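**Student:** Pasting the sequence and the predicted coordinates here, then a few questions.
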Amino acid sequence: MKRNLDFTTGKIVEPLLRFAIPVLLALFLQALYGAIDLAIVGKFATSADVSAVGTGSQIMMTITGLVTSFAMGLTILLGQRIGEGHMDKGGHIIGCGIVLFMIIALVLTAVTTVFAGSITHILHAPEEAFSLTKSYVTICGAGSLAIVGFNFIAAVFRGLGDSRTPMITVLITSILNVAGDLLLVAGLHMGASGAAAATVAAQLASVIISYFLIQKTGLPFETDRSMIRLDMDIAKRIVLLGAPIALQDFLVGISFLVILAIVNTLGVTASAGVGVAERVCSFIMLIPSAFMQSMSAFASQNKGAGKYDRALKALWLAIGTSTLFGILMFFAAFFRGGLLASVFSNDPAVISAAADYLKAYGIDCLLTCFLFCFIGYFNGMGMTAFVMVQGIVSAFLVRVPAAWFFSRIEPVSLFYIGLGIPLSTVLQILFCFIGLGWQRRKLAALQH
C-alpha cells in the first residue's frame, strides 16, 4: 500500500508529520461530530438536554477511550512485527484481533445497556436531566459494536503506518452525523436521544465504509477467513500491550467522571457548563493526541528494528513541535474560553461556567504537549505497564482529591475544581522523566 510509512529509515520530522496530520484531521472530525451533537442540542433543545449530552458523551468518551487504548496493543504489535521485517504475520494478528474485539463489543453492549440507569445515578446527573442522560447512554451503548469496529480498523491502519484511510472514513462519517443531527434534533426535536441515535448511525456507517475501502485498496500481506480465529499466543501479546493502556485510560476517564459527579451536585448550570467545556477541550487537545498516536506508531517500528536512538530523537522533535501549538491552545482556552463555549450554548450562565472551567484546561495545554508525546513514546516502546501506573497514580492521588478539596471551598469555583487536572499532569511528567532515565540506563547496560 502506497499510504504505508516506513519510520525506520530516512528523515524523522517529515514522516512523523505526514502521519500526524491525517491523525489530527481524523481526531478533529471525530471531535467535530461530537461537538455538533452538543451545538445543535444547545441551539434547538433545553439546558437539561445539554447537560444530558455533556454527561452522557463523557461516559461514552470513557468507554470509547477504553477501546481505543486497548486497540493500541494491536497497533504496537503490528508495528513491531513490521519493523522486524515479519510482514507475513500481519494477517494472523488481524484475524485474532477480529475475534478478540468482537468479544469486547458484545460485553460493552450488555454492560452499557443494562446498567445505563445505574451509571447515570452514580454520576449524580441532575434530576431534570436524569432520564435524558440515561436514554443517551442506552442508545450509544447499543451501538458499541460500531464503536469497537471503527477503532479496531483504525488501529490496524495505524500499525501499518497509514493514517489517511481512517481520516477519510471519519470525514464521511462526520457528514452523515451532521445530517442525522439536523434531522433528528433540529427537525424532529428529539433532543439528547436524537443526538445519540445520529452518532450511532454515523459510527456504523464508518465501519461499513472502512470495510469497502479495505476491499478496494487491499492489505500489504495475505489475509483469509482461516486466519480469523483466537490465536492465544497473539491474543496474549495484544492483551499484555493493550490492557495496561486501556486500564490506565479507563481509570483516568473514571477520575474525570468523578470530577463531573462532583460538579453535577452543584446544579444543572454547572453540569452543562462543564459538559460544554469538555467538548471544547476535545478540540484544543487534538494536537497533543495526534502526536501521541504518531509517536506510538513511530516508536513501535523503530523498537522492532532495534533503532532506539532514532525513536528517542523523534520524541524530542515531537515535543518541540507540539509545544509551539500548545502555547496557542493555552491563550485560546484561558483568555477566550467564553467565546469558544458560546458555540455550544446560548445560555449566558452556562457559557460563564464553561469559561471558568476552561481556564484550568488552558494551563494544562502547556503541559500535555510534553506528556502526550512521552506517553506515545513509552507505548510504542512496549512500556505500557509504566504508562498505566503513572496515569493511575496521578489521577487518584492528585486530580480527584484536588477537585474534591476545591469543591468544598466557598464560594465554589469551577476554575479551582479544574486545577486538579494540570496539577496531576505535572506529576505525570515527572514520572515520565524518571521512566526515561530508567530506560536509558537499561539500554546502556544491555549494550555493554
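**Tutor:** In hand now; what should we look at? All of these numbers come straight from a predicted model, not from anything done at the bench.
**Student:** Where does pLDDT dip in the stretch 251-400 of the chain?
**Tutor:** Within the stretch 251-400 of the chain, not a single segment meets pLDDT under 70.
**Student:** mind listing the helices for the stretch 301-448 of the chain?
**Tutor:** Taking DSSP state H, counting those that start in this stretch as the test, the helices found in the stretch 301-448 of the chain are 308-335, 337-341, 348-380, 384-394, 400-407, 414-418, 420-447.
**Student:** could you say what helices and strands the first one packs with?
**Tutor:** The reference is to helix 308-335. helix 13-44, helix 268-284, helix 286-304, helix 348-380 (3 or more C-beta pairs under 8 Å, 6 or more residues apart in numbering; DSSP states H and E). From N, CA and C alone the C-beta is placed, and that goes for glycine too.
**Student:** thought S57 was touching V276?
**Tutor:** No - the pair S57 and V276 fails to qualify as a contact (C-beta atoms under 8 Å) at a distance of 10.9 Å.
**Student:** The one helix or strand I147 maps to packs against which elements?
**Tutor:** Per DSSP states H and E, I147 falls inside helix 144-159. Counting contacts by 3+ C-beta pairs under 8 Å, 6+ apart, helix 144-159 packs against helix 47-84, helix 90-114, helix 164-181, helix 191-217, helix 286-304.
**Student:** Could you export these as JSON lines, including mean neighbour count?
**Tutor:** Formatted as JSON lines, the helices and strands packed on helix 144-159 follow (neighbours: other C-beta atoms under 10 Å):
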{"stretch": "helix 47-84", "mean neighbour count": "26"}
{"stretch": "helix 90-114", "mean neighbour count": "18"}
{"stretch": "helix 164-181", "mean neighbour count": "21"}
{"stretch": "helix 191-217", "mean neighbour count": "21"}
{"stretch": "helix 286-304", "mean neighbour count": "27"}
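**Student:** Tell me which of those lies nearest to H124.
**Tutor:** helix 47-84 (9.1 Å; C-beta to C-beta).
**Student:** circling back to that earlier point, mind putting the helices of the stretch 301-448 of the chain in JSON lines, distance to I209 and mean neighbour count included?
**Tutor:** Formatted as JSON lines, the helices of the stretch 301-448 of the chain follow (distance: least, C-beta to C-beta, whole Å; neighbours: other C-beta atoms under 10 Å):
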{"stretch": "helix 308-335", "distance to I209": "30", "mean neighbour count": "18"}
{"stretch": "helix 337-341", "distance to I209": "31", "mean neighbour count": "20"}
{"stretch": "helix 348-380", "distance to I209": "27", "mean neighbour count": "24"}
{"stretch": "helix 384-394", "distance to I209": "30", "mean neighbour count": "21"}
{"stretch": "helix 400-407", "distance to I209": "39", "mean neighbour count": "18"}
{"stretch": "helix 414-418", "distance to I209": "37", "mean neighbour count": "23"}
{"stretch": "helix 420-447", "distance to I209": "35", "mean neighbour count": "16"}
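**Student:** To V23, which of those lies closest?
**Tutor:** Distance to V23, taken as C-beta to C-beta, is lowest for helix 348-380 among these, at 10.6 Å.
**Student:** So which other helices or strands are in contact with the closest one?
**Tutor:** The contact analysis (3+ C-beta pairs under 8 Å, 6+ apart) places helix 348-380 against helix 47-84, helix 268-284, helix 286-304, helix 308-335, helix 337-341, helix 384-394, helix 414-418, helix 420-447.
**Student:** Dump those helices to CSV, plus distance to P401.
**Tutor:** Shown next, in CSV, are these (distance: least, C-beta to C-beta, whole Å):
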stretch, distance to P401
helix 47-84, 20
helix 268-284, 18
helix 286-304, 24
helix 308-335, 23
helix 337-341, 25
helix 384-394, 11
helix 414-418, 12
helix 420-447, 7
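**Student:** wait, which of those is closest to I254?
**Tutor:** helix 47-84 (6.8 Å).
**Student:** what about that closest one, distance to the chain center?
**Tutor:** 5 Å (C-alpha atoms, centre = their mean, to the nearest Å).
**Student:** re earlier: now list whatever residues contact both of S57 and V276.
**Tutor:** Here S57 and V276 share the contacting residues L38, scored by C-beta atoms under 8 Å, 6 or more residues apart in numbering.
**Student:** My guess is A129 contacts A45. True?
**Tutor:** No - using C-beta under 8 Å as the test, A129 is too far from A45 to be in contact (10.9 Å).
**Student:** returning to that earlier point: would JSON lines of the helices and strands packed on helix 308-335 with distance to R237 be doable?
**Tutor:** Shown next, in JSON lines, are these (distance: least, C-beta to C-beta, whole Å):
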{"stretch": "helix 13-44", "distance to R237": "23"}
{"stretch": "helix 268-284", "distance to R237": "31"}
{"stretch": "helix 286-304", "distance to R237": "12"}
{"stretch": "helix 348-380", "distance to R237": "14"}
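**Student:** mind checking which of the ones you listed is nearest V156?
**Tutor:** Closest of the helices and strands packed on helix 308-335 to V156 is helix 286-304, at 11.6 Å (criterion: C-beta to C-beta).
**Student:** Quick test: name the residue nearest the centre of this structure.
**Tutor:** G65 (4.7 Å; C-alpha atoms, centre = their mean).
**Student:** I'd like the distance between that residue and V343.
**Tutor:** 23 Å (C-beta to C-beta, to the nearest Å).
**Student:** Please apply the same query to A39.
**Tutor:** 6 Å.
**Student:** repeat for L419
**Tutor:** Distance from L419 to V343, by C-beta to C-beta: 24 Å.
**Student:** For these two, indicate the residue with more neighbours.
**Tutor:** L419 (20 against 16; other C-beta atoms under 10 Å).
**Student:** And the residue nearest to that one when sequence neighbours are not counted, how far from L366?
**Tutor:** Nearest non-adjacent residue to L419, counting by C-beta to C-beta, 6 or more residues apart in numbering: A360, 5.0 Å away. Noted for A360: a distance of 12 Å to L366, by C-beta to C-beta.
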